[in-house]
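Undergrad: got a predicted structure plus its sequence, pasted below:
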Amino acid sequence: MENSVVEYYNNYDEDGRLKRHKLEYLTTVEYFNRLFKPGSKILDACAGTGVYSFYLAEQGHSVISGDLVPNNVDLMKQHERADLLQDIQVMNVLDLSALAEESFDVVLCMGAMYHLSEETDQRRAIQECLRVLKPGGVLVLTYINRFAQFMVNVEDGLKNIEDAVRIFHNRADSIFTYTNPEEIEYLANQSGVTKIKNIGTDGMIYALGEKMKGASEDSLEQLYKYHLATCEEPAILGASIHGLYFGQK
């Protein structure tokens with residue numbers, strides 16, 4: 001699986017993903033700003049090309065950034081603001097043994113749950129993050145919601161409905177794994193983590209479809225305010241494509 005994930009991201013525009021999914025990005029940093037203490041020591045263990053790492057460093061946090069994909073790590077090292085990060089390294093969240101125990105105020109595990117299909121690996125990833133997290137520190141997990149994934153991936157005319165139903169029941173497609181808010185909360189709780197927040201970072205925006213075309217900046221701002229006001233609602237959380245879980249060790 002590790003090699004398949006690396007190969008996939010070697011051919012994927014990870015650096016531009018959050019530019020295409022702007023609502024997810026804006027919601028995530030909004031909650032970072034609400035929940036992280038100033039000057040936190042942060043490990044971004046699944047950093048991709050470092051979009052969140054660089055943002056957090058610019059806010060005055062001390063950030064170590066790592067990713068499983070060597071190409072992503074190279075892109076971070078080549079970034080014009082690379083000097084903002086305390087360290088940049090190839091990193092596998094299943095083995096953080098190179099890092100000291102209880103050394104971070106915040107650990108971001110924002111990507112591993114997209115790809116770890118076995119519960120034993122999911123638990124191992126959480127335990128490794130908790131090992132390097134200080135008591136009382138904040139663990140952040142992201143996940144893909146299997147219910148929303150089904151709705152978004154069904155093609156016009158239901159042409160791929162058989163495959164979509166199969167993927168929904170299998171909870172996996174190629175290198176991706178799909179879950180739901182309750183399962184993530186259960187996994188974290190079983191590891192001794194107390195939930196702070198569980199958020200749908202893109203809500204049900206996909207349901208608007210063509211209705212968003214030609215929207216004014218003011219209208220988009222009103223939509224964003226609506227989204228922030230509802231993204232913690234359980235009914236919305238269960239329908240959001242991407243979920244964002246905050247827990248306390």
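TA: Sure, I can see it. Numbers count the residues shown, from 1 in each chain.
Undergrad: show me the contacts for the closest residue to Cys129 other than its chain neighbours.
TA: Nearest non-adjacent residue to Cys129, counting by CB to CB, 6 or more residues apart in numbering: Val107, 4.4 Å away. C-beta: built from backbone N, CA, C; applies to glycine. By CB atoms under 8 Å, 6 or more residues apart in numbering, Val107 lies in contact with Ile42, Leu43, Ala45, Cys129, Leu130, Val132, Leu133, Gly137, Val138, Leu139, Val140.
Undergrad: make a PyMOL selection of the buried ones in those.
TA: Of the contacts of Val107, the buried ones go into a single PyMOL selection, burial set by 16 or more other CB atoms under 10 Å:
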select buried, resi 42+43+45+129+130+132+133+137+138+139+140
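Undergrad: export the contacts of Val107 to a markdown table and tack on distance to Pro181, pLDDT and secondary structure?
TA: What follows is these, written out as a markdown table (distance: CB to CB, whole Å; pLDDT from 0 to 100; DSSP: H, G, I helix; E, B strand; the rest coil):
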| residue | distance to Pro181 | pLDDT | secondary structure |
| --- | --- | --- | --- |
| Ile42 | 24 | 98 | strand |
| Leu43 | 24 | 98 | strand |
| Ala45 | 21 | 97 | coil |
| Cys129 | 19 | 98 | helix |
| Leu130 | 20 | 98 | helix |
| Val132 | 25 | 98 | helix |
| Leu133 | 21 | 98 | strand |
| Gly137 | 22 | 98 | strand |
| Val138 | 18 | 98 | strand |
| Leu139 | 15 | 98 | strand |
| Val140 | 14 | 98 | strand |
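Undergrad: so which of the contacts of Val107 is the closest to Lys211?
TA: Nearest to Lys211 among the contacts of Val107: Val140, at 31.5 Å, using CB to CB.
Undergrad: burial measure for the nearest residue to that closest one once chain neighbours are set aside, as a count.
TA: Distances taken as CB to CB, 6+ apart place Leu108 nearest to Val140, at 4.7 Å, with adjacent residues excluded. Using other CB atoms under 10 Å, Leu108 has 26 neighbouring residues.
Undergrad: in terms of pLDDT, where does Asn153 sit?
TA: For Asn153, the pLDDT comes out at 87.
Undergrad: what of Leu23?
TA: So, for Leu23, pLDDT stands at 90.
Undergrad: go on, Leu208?
TA: What the model reports for Leu208 is a pLDDT of 89.
Undergrad: ok, Gln222 next?
TA: pLDDT for Gln222: 94.
Undergrad: that one looks like it's in a strand, true?
TA: No. With DSSP: H, G, I helix; E, B strand; the rest coil as the criterion, Gln222 is helix rather than part of a strand.
Undergrad: what distance do you get for it to Thr201?
TA: 18 Å (CB to CB, to the nearest Å).
Undergrad: rewinding a little: can you redo the contacts of Val107 as TSV with distance to Ala239?
TA: Formatted as TSV, the contacts of Val107 follow (distance: CB to CB, whole Å):
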residue	distance to Ala239
Ile42	30
Leu43	31
Ala45	28
Cys129	27
Leu130	29
Val132	33
Leu133	30
Gly137	30
Val138	25
Leu139	24
Val140	21
